[in-house]
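Q: Let's see this in three dimensions:
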Amino acid sequence: MRGRRAGFLVALAAHCLGLLAGQTAAARAAEQPQAGSSQPAADDATNELTLGERMNAATVAVITGTPGGTYFRIGADLAFVLDDADRLRVLPVLGKGAGQNAYDLRFLKGIDLAFLRTDTLEQLRQDKRLLNVERHIQYIAKLFDDELHIIGPVGIDDARKLAGKRVSFDVKGSGTDYSGRAMFRSLGIAVDGVNVDQPTALDMLRKGELDAVVSVAAKPVSIIAGFDPGGKFHLIPARFTESVHEAYIPASLASSDYPKLLTSGAIDTLAVGSVLGVYNHPKGTPRYRKLTRFVEAFFGKFDAFLSPQRHPKWRDVNLAASVSGWTRFRPAQEWLDAHRGQEAMAASESAQFLKEQQPSATADKEELYQAFLKWRKSRRSAASGL
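A: Modelled structure (predicted):
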């Protein structure tokens with residue numbers, strides 16, 4: 001109970017804490033008018049140019065993940081919650097996952113934000129073509145953890161028994177492709193790795209053409225939760241050891257996450273942290289300014305991400321958490337520095353809530369959050385005399 005209350009306290013305290021805008025619309029060289037042809041009025045052309053510039057100045061693009069995946073759903077939440085008419089628009093873009101996202105953020109024109117992982121910088125440092133990685137790619141906030149999922153035959157009860165077997169790591173360039181393979185290397189498991197998209201890989205597993213399918217993603221993963229094992233497949237444990245790279249942490253998968261693949265209890269696995277990455281544009285540039293507006297909206301409206309219709313992984317976010325080896329984007333650090341008092345107040349409120357309400361140790365996490373939000377609203381209304 002003590003650990004649960006402490007974790008809940010941290011999470012509650014933390015949450016209180018352009019259109020691919022690579023180029024603004026440039027004026028085109030006017031064609032020479034032909035006799036008898038009608039030309040748009042000069043003020044109409046000016047209005048159109050102004051409209052385009054205004055749209056670009058308000059839009060930030062975030063590279064997410066594959067359709068239906070956690071990153072894509074989180075990107076959709078950003079778009080819905082932070083939409084502010086002409087002032088801010090978040091445009092989610094389909095991506096391959098964290099592995100390719102790092103390159104897209106670094107090089108694709110118009111991409112301002114990306115869902116990355118805590119091992120992303122290490123991935124980029126290994127690419128000798130890249131220079132000054134840390135200067136170009138920074139982070140706004142650490143998000144949640146992505147868990148290692150290994151789906152394989154029920155006869156295999158430990159990931160180490162997959163040594164030498166044929167294992168799929170999603171498509172080339174995906175987050176699973178990099179993090180999954182790196183996790184296996186840390187565990188000392190050498191496999192015959194292939195790259196196949198997840199629906200095809202699961203079908204190949206059924207046919208016996210693969211021995212296991214790997215996914216590194218935030219639980220619950222819809223495609224895995226919906227997979228019918230037919231009594232032949234389950235989630236295989238991957239036990240943390242001291243040899244595992246520091247970027248990876250112990251985690252678990254429970255039957256409540258995947259009732260079709262785990263009949264009871266939970267299994268051990270690994271996890272890697274996700275971060276909201278940002279391209280570090282020079283201070284004072286238009287893209288820097290609109291990313292500053294994004295930061296202010298993201299932190300300032302964070303409570304809205306905790307509502308029931310948003311992805312449950314938002315409840316795991318600690319906005320103040322730092323990421324070892326990374327540099328936080330200056331506007332994000334400045335916002336956190338300016339709101340330290342709010343963080344202290346949130347900690348005090350959450351502690352008071354736990355003291356007054358005495359929630360059960362088995363209370364549902366979502367219900368607990370909603371009870372706190374209702375309690376806090378009522379308490380603040382009473383204090384203001386409303």
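
Q: shaky segments in the stretch 151-300 of the chain?
A: When residues are selected by pLDDT under 70, none of them lie in the stretch 151-300 of the chain.

Q: where along it do the helices fall?
A: When secondary structure is read from DSSP state H, counting those that start in this stretch, the stretch 151-300 of the chain shows helices at 175, 181-186, 198-207, 222-225, 286-300.

Q: Need the winner for burial among these.
A: helix 175 (a mean of 33; mean count of other Cβ atoms under 10 Å). C-beta coordinates here come from the backbone N, C-alpha and C atoms, glycine included.

Q: now the helices of the stretch 151-300 of the chain in TSV, with distance to residue 340?
A: Below are the helices of the stretch 151-300 of the chain laid out as TSV (distance: least, Cβ to Cβ, whole Å):
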stretch	distance to residue 340
helix 175	33
helix 181-186	35
helix 198-207	42
helix 222-225	38
helix 286-300	12
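
Q: looking at the ones you listed, which is closest to residue 308?
A: helix 222-225 (17.4 Å; Cβ to Cβ).

Q: Output that closest one in PDB with nothing but the alpha carbons.
A: C-alpha atoms of helix 222-225 as PDB (Å, rounded to 0.1, in the frame of the first residue of the first chain):
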ATOM      1  CA  SER A 222      -4.500  -3.500 -29.100                       C
ATOM      2  CA  ILE A 223      -3.200  -5.800 -31.800                       C
ATOM      3  CA  ILE A 224      -1.700  -8.100 -29.100                       C
ATOM      4  CA  ALA A 225      -4.800  -7.900 -26.800                       C
END
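
Q: neighbouring contacts of that helix?
A: Contacts to helix 222-225, defined as Cβ atoms under 8 Å, 6 or more residues apart in numbering, come from residues 68-69, 149, 151, 198-199, 202, 215, 257-258, 260-261.

Q: One more pass at 10 Å, please.
A: Residues outside helix 222-225 that contact it (Cβ atoms under 10 Å, 6 or more residues apart in numbering): 66, 68-70, 73, 149, 151, 198-199, 201-202, 213, 215, 217, 219, 235, 253, 257-261.

Q: between the helices of the stretch 151-300 of the chain, which one is nearest to residue 156?
A: Of all those, helix 198-207 comes closest under Cβ to Cβ, at 11.8 Å.

Q: Could you verify my assumption that residue 169 touches residue 215?
A: Yes. With contacts defined as Cβ atoms under 10 Å, residue 169 counts as touching residue 215 at a distance of 8.8 Å.

Q: Give the residues shared as contacts by those two.
A: 175-176, 180, 201.

Q: closest to residue 158 among these?
A: Of the shared contacts of residue 169 and residue 215, the one sitting nearest to residue 158 (Cβ to Cβ) turns out to be residue 180, at 16.6 Å.

Q: doesn't residue 162 make contact with the closest one?
A: No. Assessed by Cβ under 10 Å, residue 180 is found out of contact with residue 162, at 11.8 Å.

Q: The two: who's more crowded?
A: residue 180 (27 against 24; other Cβ atoms under 10 Å).

Q: residues touching the more buried one, list them.
A: 99, 146, 148-150, 167-170, 174, 193, 214-217, 270, 272.

Q: Now intersect those residues with the strands, please.
A: 146, 148-150, 167-168, 193, 214-217, 270, 272 (DSSP state E).

Q: Which of the residues you listed are buried, as a ChimeraX select command?
A: Provided next is the ChimeraX selection string for whichever of the ones in strands among the contacts of residue 180 are buried by 16 or more other Cβ atoms under 10 Å:
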select :146,148,149,150,167,168,214,215,216,217,270,272
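
Q: Redo the ones in strands among the contacts of residue 180 as CSV? Include distance to residue 306.
A: Shown next, in CSV, are the ones in strands among the contacts of residue 180 (distance: Cβ to Cβ, whole Å):
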residue, distance to residue 306
146, 20
148, 26
149, 25
150, 31
167, 36
168, 35
193, 38
214, 31
215, 26
216, 25
217, 21
270, 27
272, 23
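
Q: Which one of the ones in strands among the contacts of residue 180 is nearest to residue 302?
A: residue 146 (20.2 Å).

Q: And residue 90, how far from residue 242?
A: Look at residue 90 and residue 242: by Cβ to Cβ, to the nearest Å, they are 41 Å apart.

Q: sorry, that was for residue 252
A: Distance from residue 252 to residue 242, by Cβ to Cβ: 18 Å.

Q: ditto for residue 311
A: Counting by Cβ to Cβ, the gap from residue 311 to residue 242 is 33 Å.

Q: okay, these two: which has more neighbours?
A: Between residue 311 and residue 242, counting by other Cβ under 10 Å, residue 311 is the more crowded of the two (15 against 4).

Q: The residue nearest to the more buried one when sequence neighbours are not counted: what secondary structure?
A: Once flanking residues are discounted, residue 311 sits nearest to residue 73: 5.1 Å by Cβ to Cβ, 6 or more residues apart in numbering. Recorded secondary structure, residue 73: helix (DSSP: H, G, I helix; E, B strand; the rest coil).

Q: For residue 73, give me its contacts.
A: 64-65, 67, 92, 218, 222, 310-311, 313.

Q: beta partners for residue 273?
A: residue 145 (DSSP bridges).

Q: give me the number of residues near it?
A: If you count neighbours by other Cβ under 10 Å, residue 273 ends up with 19.

Q: you'd agree it is up against residue 119?
A: Yes. Judged on Cβ under 10 Å, residue 273 makes contact with residue 119 at a distance of 8.5 Å.

Q: shouldn't residue 205 be in contact with residue 234?
A: No. When contacts are counted by Cβ under 10 Å, residue 205 is not listed as touching residue 234 (11.6 Å).

Q: Identify the contacts common to these two.
A: With Cβ under 10 Å, 6+ apart, residue 205 and residue 234 have common neighbours 151-153.

Q: Which stretches in the stretch 251-386 of the chain count as strands?
A: Ranges of strands in the stretch 251-386 of the chain, per DSSP state E, counting those that start in this stretch, are 266-279.

Q: contacts for stretch 121-132?
A: By Cβ under 10 Å, 6+ apart, stretch 121-132 touches 98-99, 102-103, 106-107, 116-117, 133-134, 136-139, 175, 178-179, 182, 245-247, 275, 277, 323, 325-327.
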